[in-house]
Structure formats: C-alpha cells, structure tokens
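In: Need coordinates for the following:
(one chain, ligands or ions: 1)
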Amino acid sequence: MIIEVRTCHNCQSKNIVRNGKNVSGQQRYKCKDCGVTRVLDSVQKGRQVDMEQVNQTYQERNSFRSTGRIFGVSHVTVQKWLKKKARSLAPLKATIREAKADAVLEVDEVFSFVLLKIKQLRIWIAQCRQTRQIVSFFIGDGSMESCKRLWRKLPYSYLKCNSFSDFYP
Ligand SMILES: [Zn+2]
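Out: Coordinates of the predicted model:
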C-alpha cells in the first residue's frame with residue numbers, strides 16, 4: 001500500500017482536505033492552516049495537446065466548455081488556444097471563393113452572445129448557401145444602416161446573387 005503525503009503549495013502544511021473538483025474535473029484541496037484552495041497535481045503540466053484535434057473538435061460545433069471537458073482543461077484555456085490559432089489564419093477576404101452564377105446568399109443577424117446583447121451589438125453575417133462559407137460579416141446594431149454596411153463589405157462577385165433574410169426584403 002502506498003500512502004501519498006500531500007502538502008500545501010502555499011505553506012507546505014500537511015493539514016489539507018479534499019474540497020470538490022474544478023470545472024475540468026480535477027481534485028481540489030483546501031489547506032486548513034492557510035485557507036488556500038487549489039489543484040495540487042495539475043494534469044496540464046507538461047502535457048502535450050494536439051492542436052489540430054482541438055480545432056477539429058471545435059469545428060464540429062462543440063462548445064468551448066465541451067471541448068474543454070474532452071481535453072481536460074477549462075473553457076478559458078480552450079478560448080485562449082483558439083484565439084491564438086485565429087491570429088495565425090489568413091484574413092477572411094483571402095479565403096473567399098468566387099461566387100458561382102447560381103449562388104444564393106443567406107443574411108442573418110446573430111445575437112446569441114449575452115455580452116454583445118447587453119451592449120446592443122449584433123453580428124451580421126452573409127453566408128453562401130451552397131458552400132456554407134461566410135463571405136461577409138459586420139458587427140453593428142439592428143439597424144438598416146448596419147445591414148447596408150454588411151452589404152458594402154460583400155465581395156464583388158456576390159453582389160448579383162439572390163439573397164434571403166428573415167428581417168429585410
Ligand atoms: Zn497552506
């Protein structure tokens with residue numbers, strides 16, 4: 001039988017007790033002497049994560065939280081990873097394919113973000129129905145002016161497409 005003696009990382013006391021788990025399921029301990037609560041042996045330390053797998057998991061429409069659970073890290077860590085990845089990507093304009101003659105655009109407002117809703121901001125997107133590629137976006141409010149700004153950002157070849165929207169004709 002192996003008895004592991006754990007000590008507080010803050011004051012080296014052995015007087016520690018289990019104190020629930022954090023969001024990614026790691027055991028937390030509380031020191032009864034100094035009151036500090038933390039994970040003593042983080043599994044993230046020295047751990048190799050395949051970033052391609054993280055990206056794939058997220059692109060399969062898993063949320064930050066569910067991606068975090070899969071890789072045993074917090075959703076904040078997942079956000080950091082993906083932001084870093086996003087900065088290394090080519091700009092949107094460079095990746096848009098030319099519109100085909102029968103291409104159809106779907107225009108929508110996305111306002112599922114609580115923080116943006118408070119600030120009355122909305123993300124406008126124009127998506128090609130055939131390729132599912134987002135060809136233009138604009139962050140503004142719910143006004144017609146925002147809609148026009150989105151329109152002005154459209155690549156030239158998409159301006160002649162049929163377009164559909166729930167909001168405006
Ligand atoms: Zn302590």
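In: Confirm residue 137 sits in a strand?
Out: Yes. According to DSSP: H, G, I helix; E, B strand; the rest coil, the state of residue 137 is that of a strand.
In: That one and residue 127 touch, don't they?
Out: No. At 9.2 Å, residue 137 does not count as touching residue 127 under the criterion of Cβ atoms under 8 Å. In this view, the C-beta of every residue, glycine as well, is placed from N, C-alpha and C.
In: more crowded one of the two?
Out: residue 127 (17 against 14; other Cβ atoms under 10 Å).
In: measure the more buried one to residue 158 for me?
Out: As judged by Cβ to Cβ, to the nearest Å, residue 127 and residue 158 stand 10 Å apart.
In: Also residue 32?
Out: 64 Å.
In: Spit out the residues that contact residue 127 and residue 158 alike.
Out: 105, 135 (Cβ atoms under 8 Å, 6 or more residues apart in numbering).
In: Next SSE downstream of the lowest-mean-pLDDT helix or strand in the chain?
Out: For the chain, the helix or strand with the lowest mean confidence is helix 114-118, at a mean of 55 (criterion: mean pLDDT, DSSP states H and E). Later in the chain than helix 114-118, the nearest helix or strand by DSSP states H and E is strand 122-128.
In: Alpha carbons of that next one, as CSV, please.
Out: Extracted in CSV, the C-alpha atoms of strand 122-128 (Å, rounded to 0.1, in the frame of the first residue of the first chain):
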residue,chain,number,x,y,z
ARG,A,122,-25.2,42.4,-33.3
ILE,A,123,-23.1,40.3,-35.7
TRP,A,124,-24.4,40.4,-39.2
ILE,A,125,-23.4,37.6,-41.5
ALA,A,126,-23.8,36.8,-45.1
GLN,A,127,-23.4,33.1,-45.9
CYS,A,128,-23.3,31.3,-49.2
